[in-house]
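> what's the 3D shape of this:
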Amino acid sequence: MGKIVISGGDKGGVGKSMASALAADILIAAGQTLLIIEGDAAMPDIALRFSTCAQVETTGVNLNRAGDQEAAITRLGNALENAADQRQDVLINLPAGSADTLDDLAPVIREIADASGFTLRVLYSLGPHRSSTDSLIKSLTQGLLGSVDPAHRTIVFPAFLGSPASFDWLKHPNRPAFIATGGRETVVPALRPDTIRDQVLAAPGTFTALGANKEALTLTERALFKRWLTHSHTAMAAALSD
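Below you'll find the predicted structure:
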């Protein structure tokens, strides 16, 4: 059965692009053909990164237009049906501000996924503040996360924003129930120093190939990057496994 992996978060600056790129990297390494759907066609950062990979197809569906949900979901549904016919896995990279489009129509997305033979998974990159927790709770109770099987929803803590112990969600009364019903949490380690992180995010292609690229990174940078990548793949793999 194919996978639809939706990667999003409550706002910009919470490491969503890194989580999306890691998810794509893992899916590509597994050997499956992959459709990457950019939720903001004007900023297709993940699609551009992986567009040169032979087993990757990319497209854009604007999902950040609250006044045109039905048209956006129609285009998304058509892309998912085609991916099912092509036996592709799907990664949907959500833009900031897409909750208004997706949350109201989350049951429709779930119905499309089920009817097309996909398992639906969500990676939710979380910020440390109370406002981020509030957005997460809304998605769990009224939106996209609430439409996904509990074991297929993963909260991603971006370590560059601080230790997970400092995140507001850790002390929220809803968290024990989230964990008890099968919800997952994972921590993506920070890639340091920032100069390496900036080079990695700007470089095209898979992370795995970048780790062997002597022209893109120095020997020391490659060693630090490959160490980070090993830990990051381990952190994300459970969220994507069957």
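
> show me what the longest helix seen in the chain is packed up against.
If you go by DSSP state H, the chain has its longest helix at helix 219-240. On a contact count with 3 or more Cβ pairs under 8 Å, 6 or more residues apart in numbering; DSSP states H and E, helix 219-240 meets helix 16-29, strand 118-125, strand 153-158, strand 184-188, helix 194-202, helix 207-210. From N, CA and C alone the C-beta is placed, and that goes for glycine too.

> and of the ones you listed, who's closest to Gly97?
Ranking the helices and strands packed on helix 219-240 by proximity to Gly97 (Cβ to Cβ) places helix 16-29 first, at 11.8 Å.

> buried deepest among the helices and strands packed on helix 219-240, which one?
Neighbour counts (mean count of other Cβ atoms under 10 Å) averaged over each of the helices and strands packed on helix 219-240 peak at strand 153-158, with a mean of 25.

> what mean pLDDT does the longest helix of the chain have?
On average, the pLDDT along helix 219-240 is 94.

> return the set of buried residues in the lowest-mean-pLDDT helix or strand in the chain.
When each helix and strand of the chain is scored by mean pLDDT, DSSP states H and E, helix 99-102 comes last, with a mean of 72. Within helix 99-102, the residues scored as buried using 16 or more other Cβ atoms under 10 Å are Ala99, Thr101, Leu102.

> contacting residues for Arg222?
Going by Cβ atoms under 8 Å, 6 or more residues apart in numbering, Arg222 touches Gly211, Ala212, Asn213, Lys214.

> buried only: go through those residues for me.
Among the contacts of Arg222, those buried by neighbour count (16+ other Cβ under 10 Å) are Gly211.

> so which residue is dead centre in this structure?
Residue closest to the average C-alpha location in the chain (Cα atoms, centre = their mean): Ser7, at 2.4 Å.

> just checking, what packs against the least confident helix or strand of the chain?
Helix 99-102 packs on helix 69-85, helix 130-142, going by 3+ Cβ pairs under 8 Å, 6+ apart.

> can you list the neighbours in contact with whichever helix or strand comes after it?
Later in the chain than helix 99-102, the nearest helix or strand by DSSP states H and E is helix 106-115. Contact with helix 106-115 is made by 4, 73, 76-77, 80-81, 102, 119-120, 143-144, 146-148, as judged by Cβ under 8 Å, 6+ apart.

> now with 10 Å, please.
Residues outside helix 106-115 that contact it (Cβ atoms under 10 Å, 6 or more residues apart in numbering): 2-4, 6, 69-70, 73-74, 76-81, 84, 90, 92, 99, 102, 105, 118-122, 139, 142-149.

> so which bits of it are buried?
Using 16+ other Cβ under 10 Å as the test for burial, helix 106-115 gives Ala106, Val108, Ile109, Arg110, Ile112, Ala113.

> again with stretch 80-92
Of the residues in stretch 80-92, Leu80, Ala83, Ala84, Gln88, Asp89, Val90, Leu91, Ile92 count as buried by neighbour count, 16+ other Cβ under 10 Å.

> and of those, the nearest to Met236?
Leu91 (12.0 Å).

> buried stuff in stretch 166-181?
Buried positions in stretch 166-181, judged by neighbour count with 16+ other Cβ under 10 Å: Phe167, Asp168, Trp169, Arg175, Phe178.

> my read: Asp194 touches Leu224, true?
No: applying Cβ atoms under 10 Å, one finds Asp194 not in contact with Leu224, separated by 12.0 Å.
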